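Peer 1: starting from these lines, generate the structure:
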Amino acid sequence: MIAHFVQEKINEKDLAIGELFEEVLIKIQRSHMQQAYLFDYIQPQMPAFNTNLFKLSSPDYICTHVHQAVEVSEQLTAHESVRQEALQKAY
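Peer 2: Residues are numbered from 1 along each chain as shown. This is a model prediction of the structure:
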């Protein structure tokens with residue numbers, strides 16, 4: 001049986017979020033080896049270690065990253081078209 005959650009039915013039955021979902025407590029642990037790896041290898045790329053974290057919402061920051069995303073997507077598109085052409089020629 002598939003359950004469909006429709007906002008009208010939820011409002012009609014006067015249900016609260018606590019009646020739909022159950023809270024489950026979990027504990028997340030990280031080993032010392034994983035911690036060392038995170039600090040040694042991933043630290044510069046992780047946003048949590050970025051000192052410019054509070055600049056994330058500034059228009060300049062967003063604009064720069066949108067431009068970077070566009071450039072990367074254009075590079076990927078060019079790479080894929082070259083690959084597709086090579087596959088077509090090989091076929």
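Peer 1: name the SS class of L15, please.
Peer 2: The three-state label given to L15 by DSSP: H, G, I helix; E, B strand; the rest coil is coil.
Peer 1: residue contacts, it?
Peer 2: Shown in contact with L15 (C-beta atoms under 8 Å, 6 or more residues apart in numbering): no residues. Every C-beta, even on glycine, is put in place using the N, C-alpha and C of the backbone.
Peer 1: for the protein, what's the longest helix?
Peer 2: Longest helix in the chain by number of residues (criterion: DSSP state H): helix 59-90.
Peer 1: now do that helix: which elements does it pack against?
Peer 2: Contacts defined by 3 or more C-beta pairs under 8 Å, 6 or more residues apart in numbering; DSSP states H and E place helix 59-90 against no helix or strand at all.
Peer 1: and I62, how far from Q68?
Peer 2: Counting by C-beta to C-beta, to the nearest Å, the separation of I62 from Q68 is 11 Å.
Peer 1: output stretch 22-42 as CSV, nothing but the C-alphas.
Peer 2: What follows is stretch 22-42 as a C-alpha-only set of coordinates in CSV (Å, rounded to 0.1, in the frame of the first residue of the first chain):
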residue,chain,number,x,y,z
GLU,A,22,8.6,9.7,14.9
GLU,A,23,11.8,11.2,16.4
VAL,A,24,14.7,8.7,16.5
LEU,A,25,17.7,9.4,18.6
ILE,A,26,21.1,8.6,16.9
LYS,A,27,24.7,9.0,17.9
ILE,A,28,27.3,9.7,15.3
GLN,A,29,30.9,8.9,16.1
ARG,A,30,34.0,9.5,14.2
SER,A,31,37.3,7.6,14.8
HIS,A,32,40.6,9.3,15.4
MET,A,33,41.9,8.1,12.0
GLN,A,34,38.9,9.7,10.3
GLN,A,35,39.5,12.9,12.2
ALA,A,36,43.1,13.0,11.3
TYR,A,37,42.3,12.5,7.6
LEU,A,38,39.7,15.3,7.7
PHE,A,39,42.1,17.7,9.2
ASP,A,40,45.1,16.7,7.1
TYR,A,41,43.6,16.2,3.7
ILE,A,42,40.1,17.8,3.5
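Peer 1: buried stuff in the longest helix of the chain?
Peer 2: By 16 or more other C-beta atoms under 10 Å, helix 59-90 has no buried positions at all.
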